[in-house]
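Asker: A structural model of the following input is requested.
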Amino acid sequence: MTITLNHIIVPARDKQAAARLFASLFGVEEKPMHGFAAVRVNEGLALLFDDAEFFEPGHYAFHVSDAEFDAILGRVREAGLAYGSSPGAPDNGRLNDWGGGRGFYFRDRDGHLLELMTVPQ
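Answerer: Numbering: from 1, shown residues only. From the prediction side, this is the model:
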């Protein structure tokens with residue numbers, strides 16, 4: 001059997017708001033799961049948002065198709081979220097072209113750094 005990652009618990013100041021934002025930006029559905037505000041990213045991976053008062057922001061990276069990339073970038077822009085070309089400049093308003101694809105970073109309202117790329121690293 002191949003080992004696969006099934007879910008990640010993502011701490012948030014407001015789990016419902018965090019799941020709602022992620023679902024709206026990524027074009028996926030929220031679905032409560034075992035007391036968590038859950039978002040099914042794909043058939044194999046769910047993000048389970050949970051309330052936490054104190055936490056270190058995480059880094060979550062997603063490999064997406066060109067069409068998904070364009071759609072998510074458009075929704076990030078519509079939401080007025082800053083984005084950028086690298087983890088050190090997540091707000092410079094530029095994209096990167098690493099590995100011959102496109103990528104960008106942005107922070108959600110809890111400070112988590114989200115990364116999108118069209119070519120996996």
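
Asker: and G101, how many neighbours does it have?
Answerer: 18 (other CB atoms under 10 Å). Backbone N, C-alpha and C define where each C-beta goes, glycine included.

Asker: now it: how far from D66?
Answerer: Applying CB to CB, to the nearest Å, the value for G101 to D66 is 8 Å.

Asker: overlap in contacts of those two?
Answerer: Counting by CB atoms under 8 Å, 6 or more residues apart in numbering, the contacts common to G101 and D66 are T118.

Asker: so what's P87 up against?
Answerer: Residues in contact with P87 (CB under 8 Å, 6+ apart) are H59, Y105, L113, E115.

Asker: need the contact partners of the helix or strand hosting the last one.
Answerer: Going back to what we said before, that points to E115. Assigned by DSSP states H and E, E115 belongs to strand 113-117. With contacts defined as CB under 8 Å, 6+ apart, strand 113-117 is touched by 57-64, 69, 72-73, 87, 90, 98-99, 101-108.

Asker: cool, stretch 94-101 as well?
Answerer: The contact list for stretch 94-101 (CB under 8 Å, 6+ apart) reads L73, G84, S85, S86, R102, G103, F104, M117, T118, V119, P120, Q121.

Asker: from the residues you listed, keep the buried residues only.
Answerer: Buried members of the contacts of stretch 94-101, counted by 16 or more other CB atoms under 10 Å: L73, G84, S85, R102, G103, F104, M117, T118.

Asker: give the contact list for the third one.
Answerer: Read that as S85. The neighbours of S85, taking CB under 8 Å, 6+ apart as the test, are N92, R94, L95, N96, G103, F104, Y105.

Asker: and with 7 Å instead?
Answerer: By CB atoms under 7 Å, 6 or more residues apart in numbering, the contact list for S85 reads N92, R94, L95, N96, F104.

Asker: with those in mind, which one is nearest to G35?
Answerer: Of all these, F104 has the smallest distance to G35: 32.4 Å, by CB to CB.

Asker: which residues does that closest one bridge with?
Answerer: When bridges are called by DSSP bridges, F104 pairs up with L116.

Asker: what's the nearest residue to F26 if we skip its chain neighbours?
Answerer: Residue nearest to F26 in three dimensions, not counting chain neighbours: I72, with 5.9 Å by CB to CB, 6 or more residues apart in numbering.
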